[in-house]
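J.: Have a look at this fold, sequence not included:
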């Protein structure tokens, strides 16, 4: 995980001055020194007031009356191209009209299967995406450098679950406008390995753009056994992918930008020996850690792991908020505005304000069904500050994309 590719330098957007990052670092690293009466939300609002150039007054005005989300163009809503029935992300056929479907990752919409070239893995593992132009696979399946041993039906089933989770990851990255190839030309890639084809244990991890995943993580029983053994509150395939890809994007969003010094103030000094830190973490006798400072126990191992864990949670949050935006719910106007596109929302305070009651509601719903909490984490002031830092870093990259995008051609 310590090895990372070289990326081009990122440009910080003007609305986030260097002072803003250092102010955020102070908030994130020293939560215990803030006066008790000052909430984190107030700190974020004050910070945004000084660092964001956009006028938020009109956007933040609350009517006090519930407002139903009006259109399907402004957020993720997936519909059958034939009958307009609402679809689930994983569907390959409309249950209403039986239309065969393929998801178009370029346009982020479903197409009729006969209107596109399906991914070559459609018949093999049920991939429901269309193939990339000029290639046999979709942009998600094409990232697999190594696939598991398919000598058993079980391995094929497990691989299909892995690729289903990977497609959601790639969707996240597309919505965030994060590239799949580094500035140095290193393309994100995946080795999905099965233990029955290996001499030794397979460790899930990241190195220089290559993410390795143990196929056994797709086995629900095996994954739950590992979760319990490691005393983790949460362990999913998608969570693995969102964590490991965070290592890939650390170089793009932090290392080759002006955010490296603020990063060290918020997360710690990443130059500390990574392998020594992991050895110390896995061999420690005292399993306690500062729950107010870290989103998870593993985040305390090293600043890179803290970043990756927090990056994964940021993806969890914007993805769930985006799903909520597509549901027939009544929302206040400010929440409506924040959920228009959570992946590109510039107001972190609004994202956090939308997420907190939603996470509580998700947990209450699960408990009412006798299930464990859907989101068993507490976002302390320090953790919220780290999430805000990641949001700023992604916004910085999105700003650079806008600056370098070619100007539209004027029509006569």
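T.: Looks like it came in fine. What you see is a predicted model; the values in this text were computed from it and never measured. Numbering: from 1, shown residues only.

J.: Just to check, residue 146 is in contact with residue 210?
T.: No. If you go by Cβ atoms under 8 Å, residue 146 and residue 210 don't touch, sitting 9.3 Å apart. Just so you know, the C-beta spots here come from the backbone N, C-alpha and C atoms, and that holds for glycine as well.

J.: Quick check: neighbours shared by those two?
T.: Both residue 146 and residue 210 are contacted by 190, 191, under the criterion Cβ atoms under 8 Å, 6 or more residues apart in numbering.

J.: So between these two, which is more surrounded?
T.: Neighbours of residue 146 and residue 210, each counted by other Cβ atoms under 10 Å, are more numerous for residue 210; the result is 19 against 12.

J.: From the chain's centroid, how far away is stretch 339-347?
T.: The chain centroid and the centroid of stretch 339-347 are separated by 13 Å under Cα atoms, centre = their mean, to the nearest Å.

J.: mean confidence for it?
T.: The average of the pLDDT scores along stretch 339-347 is 90.

J.: again with stretch 122-131
T.: Along stretch 122-131, the predicted local confidence has a mean pLDDT of 97.

J.: Also stretch 223-243?
T.: 94.

J.: correct me, but residue 166 touches residue 143?
T.: Yes. In this structure, residue 166 is within contact of residue 143 by Cβ under 8 Å, at 7.2 Å.

J.: In terms of packing, which of the two has more residues around it?
T.: Neighbour totals were compared for residue 166 and residue 143, and residue 166 leads with 23 against 18 (other Cβ under 10 Å).

J.: can you pull the contacts of the more buried one?
T.: 140, 143, 144, 190, 241.

J.: so what's the fourth one bridging to?
T.: Residue 190 has the following beta-bridge partners by DSSP bridges: residue 144, residue 211.

J.: Use 5 as the first number for this chain going forward.
T.: Happy to do that; since the first residue is 5 now, the last one works out to residue 194.

J.: Just give the number of residues close to it.
T.: When neighbours are counted by other Cβ under 10 Å, residue 194 registers 24.

J.: what do you get for residue 276?
T.: 11.

J.: can I assume it sits in a helix?
T.: No. Residue state for residue 276 (DSSP: H, G, I helix; E, B strand; the rest coil) corresponds to coil; a helix is not indicated.

J.: ok now do it, which residues does it touch?
T.: Residue 276 makes contact with 306, 307, according to Cβ under 8 Å, 6+ apart.

J.: Now residue 253: which helix or strand?
T.: Under the criterion DSSP states H and E, the helix or strand holding residue 253 is helix 241-254.

J.: quick revisit: please enumerate the shared neighbours of residue 170 and residue 147.
T.: The contact sets of residue 170 and residue 147 overlap at residue 194 (Cβ under 8 Å, 6+ apart).

J.: Neighbours of residue 322, how many?
T.: 23.

J.: Can you verify my assumption that it contacts residue 355?
T.: Yes. Taking contact to mean Cβ under 8 Å, the distance of 7.0 Å between residue 322 and residue 355 places them in contact.

J.: okay, and the common contacts of these two?
T.: 346, 349.

J.: which residues in the chain form helices?
T.: For the chain, helices defined by DSSP state H occupy the ranges 22-33, 44-55, 61-64, 126-129, 157-179, 224-233, 241-254, 264-271, 278-286, 307-329, 337-342, 352-372, 385-408.

J.: Tell me which of those helices lies nearest to residue 113.
T.: Relative to residue 113, the nearest member of the helices of the chain by Cβ to Cβ is helix 157-179, separated by 12.0 Å.
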